[in-house]
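J.: requesting a structural model of the entry that follows:
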Amino acid sequence: METLTIRDEFIKLGQALKAAGLCESGVDAKFTIQDGLVKVDGEVEERRGRKLYDGSIVEFEGHKIKICKG
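T.: The predicted model follows:
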């Protein structure tokens, strides 16, 4: 499992996908999320504005990313 370290209290799902290199652009992230291809903490999430906090786990195409506050 990879980790994505954030400085703020949270990061939005679309931003996290981009920051982790799973999507090339915000537009790609938007459509990927809207198509129901992303899970947050084991449940399909279709809101790109979903706030991810320390300990959240994002799953996409076999990749798992854990959000860590640094």
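
J.: and the longest strand along the chain, what's buried?
T.: Secondary structure assigned by DSSP state E gives strand 63-69 as the longest strand of the chain. Buried residues in strand 63-69, defined by neighbour count with 16 or more other Cβ atoms under 10 Å: 65, 67. Backbone N, C-alpha and C define where each C-beta goes, glycine included.

J.: nearest spatial neighbour of L52, chain-adjacent residues omitted?
T.: I67 (4.8 Å; Cβ to Cβ, 6 or more residues apart in numbering).

J.: how close does that neighbour get to L22?
T.: 13 Å (Cβ to Cβ, to the nearest Å).

J.: so what's E2 bridging to?
T.: I65 (DSSP bridges).

J.: give me the pLDDT for it.
T.: pLDDT recorded at E2 is 93.

J.: H63 is in contact with that one, correct?
T.: Yes. Counting by Cβ atoms under 8 Å, H63 is a contact partner of E2 at 6.9 Å.

J.: start to end distance for stretch 42-56?
T.: 10 Å (Cα to Cα, to the nearest Å).

J.: quick one: low-confidence ranges for the chain?
T.: For the chain, no stretch has pLDDT under 70.

J.: name the nearest residue to V58, sequence neighbours excluded.
T.: Going by Cβ to Cβ, 6+ apart, V58 has I65 as its nearest residue, at 4.5 Å.

J.: and that neighbour, how far is that from D8?
T.: 16 Å.

J.: and V40, by the same measure?
T.: In this view, V40 and D8 are 17 Å apart by Cβ to Cβ.

J.: who has more neighbours, these two?
T.: V40 (20 against 7; other Cβ atoms under 10 Å).

J.: identify the bridge partners of the more buried one.
T.: Beta-bridge partners, per DSSP bridges, of V40: E43, V58.

J.: surely it and L52 touch.
T.: Yes. Here V40 reaches L52: they are 6.8 Å apart, a contact under Cβ under 8 Å.

J.: in this structure the residue nearest to V58 contacts A20, no?
T.: Yes. Applying Cβ under 8 Å, one finds I65 in contact with A20, separated by 5.0 Å.

J.: so for the two, which residues contact both of them?
T.: Taking Cβ atoms under 8 Å, 6 or more residues apart in numbering as the contact definition, I65 and A20 share the neighbouring residues 2, 4, 58.
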